[in-house]
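Participant: From the sequence below, what's the structure:
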Amino acid sequence: MTTPDLSALPAIPRDDEGPVFRAPWEAQAFALAVMLHERGHFSWKEWAARLADEIAAARERGESDDGRRYYHHWLAALEKLVAEKRIVLADELRTRRDAWDQAARATPHGQPIVLPGRG
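Facilitator: Predicted structure coming up:
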């Protein structure tokens, strides 16, 4: 198993200690990509290229590149890659995303989000 080369990732928010995250979901998305790589679902080079493509597509759409949406691009790239590799089927991914969105909207600010059936 190879350790992910963070320097290969385009514009990853980091400090001297490593990646930095503004919200827990960013760290979770980061960890999920690392875990899937470590389990052999994709190479780190493949992941870096997919993330770079997602960032380039956002630039082409005219989105600002101030770093605040970095992990949104990370998550979009991850969703596409896991669907393409059939790690999670696209319909199942959409269902999970919709359930998360509904649970987040129904949860009072500052409270943990709990998905139905996951109490």
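
Participant: And the strands in the protein, which stretches?
Facilitator: For the chain, applying DSSP state E gives strands covering 14-15, 18-19.

Participant: low-scoring stretches of the protein, by residue?
Facilitator: Scanning the chain for pLDDT under 70 picks out 1-11, 118-119.

Participant: Can you tell me which residue is spatially central in it?
Facilitator: Here the mean C-alpha position of the chain is nearest to the C-alpha of Leu75 (CA atoms, centre = their mean), at a distance of 2.5 Å.

Participant: How about Ala58, nearest residue that isn't a chain neighbour?
Facilitator: Once flanking residues are discounted, Ala58 sits nearest to His73: 5.9 Å by CB to CB, 6 or more residues apart in numbering. C-betas here are computed from N, CA, C, even on glycine.

Participant: That neighbour against Ile55, yeah?
Facilitator: Yes: assessed by CB atoms under 8 Å, His73 is found in contact with Ile55 at 5.1 Å.
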